[in-house]
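S.K.: from the sequence below, what's the structure:
(4 chains)
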Protein chains: 4
Amino acid sequence: MLEATFQKRVRYAEIDKMGFVYYGHYAQLYEIGRAELIRSLGLPYKTLEDKYSIMMPVLQLECRYRLPAKYDDLLSIRTILKEMPTKMIHFYHEIYNEKDQLLNTGSVKLFFVNMQTNKRVSCPAILAERIESYF
Amino acid sequence: MLEATFQKRVRYAEIDKMGFVYYGHYAQLYEIGRAELIRSLGLPYKTLEDKYSIMMPVLQLECRYRLPAKYDDLLSIRTILKEMPTKMIHFYHEIYNEKDQLLNTGSVKLFFVNMQTNKRVSCPAILAERIESYF
Amino acid sequence: MLEATFQKRVRYAEIDKMGFVYYGHYAQLYEIGRAELIRSLGLPYKTLEDKYSIMMPVLQLECRYRLPAKYDDLLSIRTILKEMPTKMIHFYHEIYNEKDQLLNTGSVKLFFVNMQTNKRVSCPAILAERIESYF
Amino acid sequence: MLEATFQKRVRYAEIDKMGFVYYGHYAQLYEIGRAELIRSLGLPYKTLEDKYSIMMPVLQLECRYRLPAKYDDLLSIRTILKEMPTKMIHFYHEIYNEKDQLLNTGSVKLFFVNMQTNKRVSCPAILAERIESYF
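M.R.: Below is the predicted model of the structure:
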């Protein structure tokens, strides 16, 4: 299992009419979570795109809203990889506030596309190798 | 069954680095879809909040991404209510482009909160009555 | 003088903690305004990019906030071109609510880039010709 | 003069069709800048709202785009207060990338509203006192 936690403060722009973080905004928190998990492997997602021509479109998103996130909360985005990626990579996310309350859980499945051929491929070795040592 | 379709054009702001609509943006399309379905009943969501003190926080979101939506696409957001709301209301969504390709499907579960007591309540009669005639 | 008006409903996602449309969201309203003005000339901005390889980056933005826009307001985005574009094109915007109250005024200056050479160019003839008849 | 610098990484969601940070997104960067400058005074904006019932709506926004910000750039948002606030507070902003290139400059004027009376007021003493020592 591989995991990473990243902190992100809630901004005014992210709040909706109810006074809480807009439900559609969690996808951006998950994006931050998986980008920082991949960065922690020493291989930023930007490098995957720029150097290895691999992009990772999203296939599926699930979110469960437990408690609202509020303005100026310093959120902890916990991102977990429970299995080795194959044709897909599946990230799990947990969002906590400063009181360590679990506000939201979610998961995102992505696949891999070779940007030169525009064809779907398996998880590239360059990424799989770095993940492998955690399993 | 009750359904409504609403059209929405894709804007520059909604496109991400891949050149497609950002995966987190679909939640906003679903919001438009359910707001317009409720409006079609003659009871705008704004009236539910302002006059009846009922708000509808989101409990769960699911999205499946089939084909990318592109800049300037005129999307059709089809929103379907398959069952009478009870303690929850469950909207299904289908997003099509102008070529009638199904790009995305999703569903959103919301619950009802009395804004004065801040307590969870069942679907208010004012809304349930209007939906009932479709089932 | 050339002008166009387009209507856009305010969505939950666009409201901030004060209960009004977030100040940073007006740039998106201006984008809608200028895209629809250009579309009204029979030359969608998408065609400018896709067929003529011209893109229009923004150089300068100015907004003045007079009255707040609220949830579910049906805004009228009025977009005005006061002068023929040269090396730049300068759009003026006025945002009204349904009571015809002027909520916001702004202006956006953009320039023209040839996407093949990545060089700055003057307003392409294909666009200038269509604007000329209004002056 | 009072200033503060805060770092913010560019995310996928913030990029538009040109591959650069969307022009409307800079208002959010400025929001982060001024919130962090105020926080550095030991008085978070959230406290101003929650404890002192003061909110700060935006009156005017200006942005100048010099160079594009790109995906994964670690931006430095420099925020400067050049004058003591009176009836208004005027923040200046400079956005730099990691190569220390100046990408964008802007300014935001805000005013002060007593949230209980909903009336416009001068800069509250609690904030003015903390700023004063820098001038």
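
S.K.: is it true that residue A:95 touches residue A:101?
M.R.: No - counting by Cβ atoms under 8 Å, residue A:95 sits too far from residue A:101 to count as a contact (9.6 Å). No exception for glycine: its C-beta is placed from N, CA and C like everyone else's.

S.K.: neighbour-wise, which of the two wins?
M.R.: residue A:95 (26 against 12; other Cβ atoms under 10 Å in any protein chain shown).

S.K.: for residue A:12, what are its contacts?
M.R.: Contacts for residue A:12 (Cβ atoms under 8 Å, 6 or more residues apart in numbering or on different chains) come out as A:71, C:16-17, C:22, D:31, D:35.

S.K.: how far away is residue A:97 from chain C?
M.R.: From residue A:97 across to chain C, the span is 16 Å (Cβ to the nearest Cβ, to the nearest Å).

S.K.: list the residues that contact that residue.
M.R.: Neighbouring residues of residue A:97 by Cβ under 8 Å, 6+ apart: A:67, A:69-70, A:73-76, A:103.

S.K.: residue A:58 too?
M.R.: Residue A:58 makes contact with A:108-110, B:23, B:65 under the criterion Cβ under 8 Å, 6+ apart.

S.K.: in JSON lines: the residues you listed, plus secondary structure.
M.R.: Formatted as JSON lines, the contacts of residue A:58 follow (DSSP: H, G, I helix; E, B strand; the rest coil):
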{"residue": "A:108", "secondary structure": "strand"}
{"residue": "A:109", "secondary structure": "strand"}
{"residue": "A:110", "secondary structure": "strand"}
{"residue": "B:23", "secondary structure": "helix"}
{"residue": "B:65", "secondary structure": "strand"}
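
S.K.: from those, pick the one nearest chain C.
M.R.: Nearest to chain C, judged by Cβ to the nearest Cβ, of the contacts of residue A:58 is residue B:23 at 14.9 Å.

S.K.: what bridges to the nearest residue to the closest one once chain neighbours are set aside?
M.R.: In this structure, residue B:23 finds its nearest non-sequential neighbour in residue A:58, 4.1 Å apart by Cβ to Cβ, 6 or more residues apart in numbering or on different chains. Here residue A:58 shows beta-bridge partners residue A:110, assigned using DSSP bridges.

S.K.: look up how far residue A:105 lies from residue A:58.
M.R.: From residue A:58 across to residue A:105, the span is 17 Å (Cβ to Cβ, to the nearest Å).

S.K.: now do residue A:85
M.R.: Residue A:85 is 20 Å from residue A:105, by Cβ to Cβ.

S.K.: quick one, which of these two is more surrounded?
M.R.: Using other Cβ under 10 Å as the criterion, residue A:85 and residue A:105 rank with residue A:85 on top: 20 against 16.

S.K.: do the longest helix along chain A and chain D meet?
M.R.: Longest helix in chain A, counting residues (DSSP state H): helix A:26-40. Yes - applying Cβ under 8 Å from any Cβ of the partner chain, one finds helix A:26-40 touching chain D at A:27-28, A:31-32, A:35.

S.K.: distance between the ends of stretch A:34-50?
M.R.: End-to-end span of stretch A:34-50 (Cα to Cα, to the nearest Å): 18 Å.

S.K.: for that stretch, buried residues please.
M.R.: For stretch A:34-50, the neighbour count (16 or more other Cβ atoms under 10 Å in any protein chain shown) marks A:34-41, A:43-46, A:48-49 as buried.
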